[in-house]
Structures are given as C-alpha cells and as structure tokens.
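In: here is a sequence together with a model predicted from it:
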Amino acid sequence: MAGHTTELDVKVLWGGKESPFQTSYGKLMMWFFLVSDALTFGGLLISYGFTRHNTQDAWPIGEETFNSLPFLGHGYPLIYVALMTFILIVSSVTMVLAVEAGHRMDRKGVTKWMIATIIGGFFFLGSQAWEWSHFIHGSEFGKVELADGSQAIVRGHFGEIENFTVIEAGKHHKKGDVIKEDLMHTFQHAAEKGHLHDGKILLHDGSIAKINKAKDEHMELIIKKDGKKNKIGDAPIEGEAATKLYYEAIYSAQPSRVIYGANLKQNEYGPQQYGQFFFFITGFHGFHVFSGVMINILICIGVMAGTYHKRGHYEMVEKTGLYWHFVDLVWVFVFTFFYLV
Amino acid sequence: MERDDLIEYSLQGHHSEEQGKAIRKKIWMVTALLTAITIVEVGLGAFIKQSSGAWPFVKWSFIIMTLFKAGYIVMIFMHLGDEKKTLRYVILVPYFLFMLYLIFIALWEGLAVGEAWSTYGV
C-alpha cells in the first residue's frame, strides 16, 4: 500500500499524526502476537536441537520412524507427513484466496474459501490423530533389550500369529482350547510383562498356551543403545542371528525386555525425550491448528451473517488469515526438523 | 469512540477485479512452488540415507528449502512483503537476530554436553 497519508482524527491515532507503520491496530497486534508465538515455537525446536545434538546416533531417524500409511502398512517413508504438509499448505492457499475475495468485497467468494479452509483444517487434525495413535501403539516388533544389555529397534515383516493352543488348563481355558481372538494385543501385553517363555504364553487365567506363529521375514536389528557387545552405529544384525537374539529376549520370561509404542516414560523409537518432544511439539502445534479452525468457524459465521460486509471491509478475515498462515509456517519448520533432518 | 482509523487503513486494501486476477495468479504460482519443494524434500529424504556421504549436503539443502518456503509464506501469503518496509524489519530483524544467537548457543552447548556425557558417563 503506497505510503500516502490520510487525514484522520488525532484523538483515535494513539496521539500521533498517523498510525504506526500505517497499519491498523488489529493487524499490528496480530503481528506482535505472532512474533511472540514464533519465539515459543523457536524455543521448542531449538531445545529439540539441543537434545538431539547431545544424544547423537541414539536419536531416531524420521524416515525409519514415520514410514506407514493408513490401510497400506509400512514401507512408505515420510509420505504420510508429506501429505499432511500438503493439506496444510492447500488450506493456507484457500485462506489467502478468501482474503483476496474480501478485498473485492465478494462475500460469496469469502464464504466459499473460508469453508474450504475449515475443511482443510479438520483434515489436518484428523491426520494428526491417526499419526498420534500410530505413534502410541507402535510397531509389531517393538524395541528390544538384547542379552548384552544393548537396545535395538527392529525392522522387518512380523509373521502372523495364528492361534494360541492351551496346553495347561487355567481357571477359564481347558486343555486343547484354541484361542483365536485378540492375539496380537495379548501377545504384546504378555511380552512386556515377561509372560512369554520358550514359545509359550502364560494367559490371564493362569493357563499356559503354545504360540503358533508364522516365521518372521527380513528381520533387522538396529542398535540404539550401547551394550557390552553391540554398539550404536554397528551394522544392523540380520537374518538368523537377529531372529535368535530377538526371541531370546522376547521368550526370556523377564519383564520389560521389550517396549511397544510410546508413552511419556518410554518409547520404542529412541531416547525418552524423543517421545516427549514429539508429543509436546506436534501437540502444541495441533492445539494451534484446533484453535485456528475454531476461530475460522467464528469468522466464517460473521462473514455469512454479513457483519463485515456492513463494516465495509473484511479485515477480520485478513487477521484470522495471518494466524492461519502462521500455523502453516510453523508446520513447515516442524516438518523439516522433526521428520526430515 | 468510533475507530475511523481502522476503517481507513483497511479500505486501502481494496482492489479491483482485474488486480484480483493478477493476485490470484501469483497465489497459484506460489502454491505450485511450495508443493514442488515439498515433493523434492520427501524424495531426497526417502532415497538418501542419513549414513550416506551426501547427507550433509542434503541436510543443508533441506534447511535452505525450508527457509525458502517460510519466506514465500510470510511475504506472499501473510503479505508482509506488501506492508511498509519499517514494519517488515521491525518484525523480522529482532526475531532473526535472537534466533540465530539461540541456535548457535544451544547447538554448540548440545555438542559439548554430549561430549562430556560420553567421556565421563551420564
């Protein structure tokens, strides 16, 4: 906007001749808020960088951790987050189109693009919910503590569990019963508790069952914590040797030899702080997206009610747009520093 | 009190259908660019392993591409490029100075702490 001065009432202009930077009060305050919010996110990402720099190779690699797609399983590194990034960029575009329509006083256009933006926002939130759920539940193998005290993450194809055949009766199951339900969940729970021994599982009711399971394929152990023998940065352990080491730990009947998924105390991907940073940074960003969607809905209602049209300008759309673009901006950095680098 | 300052400054933002056409074209161009950069990033990330020799180069190109994306979002989508020059600098310069300082201190310190832990034990 060219720098021409408009004659205005001195009383409303902060006592000066013109408004600072010839920008309206609301827009200026939105910018100041965004700068302070950007400092918060900057601080979070830099503390992430600090932690990552002092743990070095123990830190998980984005493309190894985030390689799944809904319905398609794993083997698709980064595609899902790229999709999320794309959704957010597109919703940023629809927002800027709404602002542009506002400058032409095109109420229908503003409404249309605002609704598209809100839909994009909900899509992003939904994707993030899936991402969190996937992160929390983890992989089929989990992270395993090997015999020498080292910890390894596991890659490969988990052989399906066919059934549990009861060989020693308990309170509920009789000998010879074949259990076919909730196998994976029961198996992982028992592994964490140390209720697996030598290919057999101790069930809740005290019965013991034999685990009938297809063979795992292409197993690979990647060391993430030093032990007596295996060190971080060693070549991955593969094939028979990997299977032997893995099941030695899983079937050791010792609790806490394997971790599945993530919570605030531990996670299967890397150091404890990794999970905490994941939850905090993506959670804090997701909270911003959620508030953004809510604000967009409120403004959209205002647009449809004609509030801004009567006012003669759509500056409210522009201001909420600033916030929405900022959310996209933060995601661009989270995407790079959390997932790519 | 009637806030006529708000109204005046906001009215300056109005433009005609013709100008709108040009602006929309620019918006779609930027969209295509941002999407292309994201695709390149994912491609590089998926095919070049962190253990490979090319990784440091890839890592820095990620950071540069990210800054490019951020620049386009701030300057075009948030149209900071169209605001007064002074406003632009008031927002960007203090932020960048502070961030550069913090990045330098935190990463340098992070390496030193990691070194100390691996030397003397956690």
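Out: Looks like it arrived, so ask away.

In: what does the stretch 51-200 of chain A put close to chain B?
Out: A:51-56, A:61-63, A:77-79, A:82, A:85-86, A:89-90, A:92-93, A:95-97, A:100-101, A:103-105 (C-beta under 8 Å from any C-beta of the partner chain). Quick note: C-beta positions are derived from backbone N, CA and C, even for glycine.

In: now, which of the residues you listed lie within helices?
Out: If you go by DSSP state H, these have A:51-55, A:62-63, A:79, A:82, A:85-86, A:89-90, A:92-93, A:95-97, A:100-101, A:103 in helices.

In: what ranges do the helices span in the chain?
Out: Since you didn't name a chain, this refers to chain A. Under DSSP H, chain A gives helices at A:25-55, A:62-65, A:79-103, A:107-137, A:183-193, A:239-250, A:272-277, A:283-305, A:307-311, A:315-334.

In: wait, I meant chain B there
Out: Under DSSP H, chain B gives helices at B:4-11, B:17-47, B:55-72, B:85-120.

In: which helices and strands sit right next to the longest one?
Out: Here helix B:85-120 is seen to pack against helix A:25-55 when contacts are counted using 3 or more C-beta pairs under 8 Å, 6 or more residues apart in numbering or on different chains; DSSP states H and E.

In: in the helix it packs on, which residues are buried?
Out: A:25-28, A:30-31, A:34-35, A:38, A:41-42, A:44-55 (16 or more other C-beta atoms under 10 Å in any protein chain shown).

In: so which residue is smack in the middle of chain B?
Out: Among the residues of chain B, B:Ala70 comes closest to the average C-alpha position under C-alpha atoms, centre = their mean, at 2.0 Å.

In: ok, that one - contacts?
Out: By C-beta atoms under 8 Å, 6 or more residues apart in numbering or on different chains, the residues touching B:Ala70 are A:329, A:332-333.

In: which of those has the most neighbours?
Out: A:Val332 (25 neighbours; other C-beta atoms under 10 Å in any protein chain shown).

In: how much space separates the closest residue to that residue other than its chain neighbours from A:Leu125?
Out: Residue nearest to A:Val332 in three dimensions, not counting chain neighbours: B:Lys69, with 5.0 Å by C-beta to C-beta, 6 or more residues apart in numbering or on different chains. Distance, B:Lys69 to A:Leu125, by C-beta to C-beta, to the nearest Å: 21 Å.

In: these two - which one has more neighbours?
Out: B:Lys69 (24 against 15).

In: before we move on, back to that, just send the helices of chain A back as JSON lines, with mean pLDDT too.
Out: Shown next, in JSON lines, are the helices of chain A (pLDDT from 0 to 100):
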{"stretch": "helix A:25-55", "mean pLDDT": "93"}
{"stretch": "helix A:62-65", "mean pLDDT": "77"}
{"stretch": "helix A:79-103", "mean pLDDT": "93"}
{"stretch": "helix A:107-137", "mean pLDDT": "95"}
{"stretch": "helix A:183-193", "mean pLDDT": "91"}
{"stretch": "helix A:239-250", "mean pLDDT": "89"}
{"stretch": "helix A:272-277", "mean pLDDT": "92"}
{"stretch": "helix A:283-305", "mean pLDDT": "97"}
{"stretch": "helix A:307-311", "mean pLDDT": "91"}
{"stretch": "helix A:315-334", "mean pLDDT": "95"}
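
In: may I see those organised as TSV, with distance to B:Ile39 added?
Out: Shown next, in TSV, are the helices of chain A (distance: least, C-beta to C-beta, whole Å):
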stretch	distance to B:Ile39
helix A:25-55	23
helix A:62-65	15
helix A:79-103	7
helix A:107-137	18
helix A:183-193	35
helix A:239-250	34
helix A:272-277	26
helix A:283-305	22
helix A:307-311	37
helix A:315-334	14
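
In: ok, which of these comes nearest B:Tyr95?
Out: Among the helices of chain A, helix A:25-55 comes nearest to B:Tyr95, with 5.9 Å by C-beta to C-beta.

In: give the contact list for residue 76.
Out: Looking at chain A here, since you left the chain open. Per C-beta under 8 Å, 6+ apart, neighbours of A:Tyr76: A:67-69.

In: let me rephrase: I mean chain B.
Out: By C-beta under 8 Å, 6+ apart, the neighbours of B:Ile76 are A:96, B:26-27, B:30.

In: next, count neighbours for the nearest residue to A:Lys213 once chain neighbours are set aside.
Out: Leaving aside its sequence neighbours, A:Lys213 sits nearest to A:Ile161 (C-beta to C-beta, 6+ apart; 4.7 Å). Neighbourhood size, A:Ile161 [other C-beta under 10 Å]: 17.
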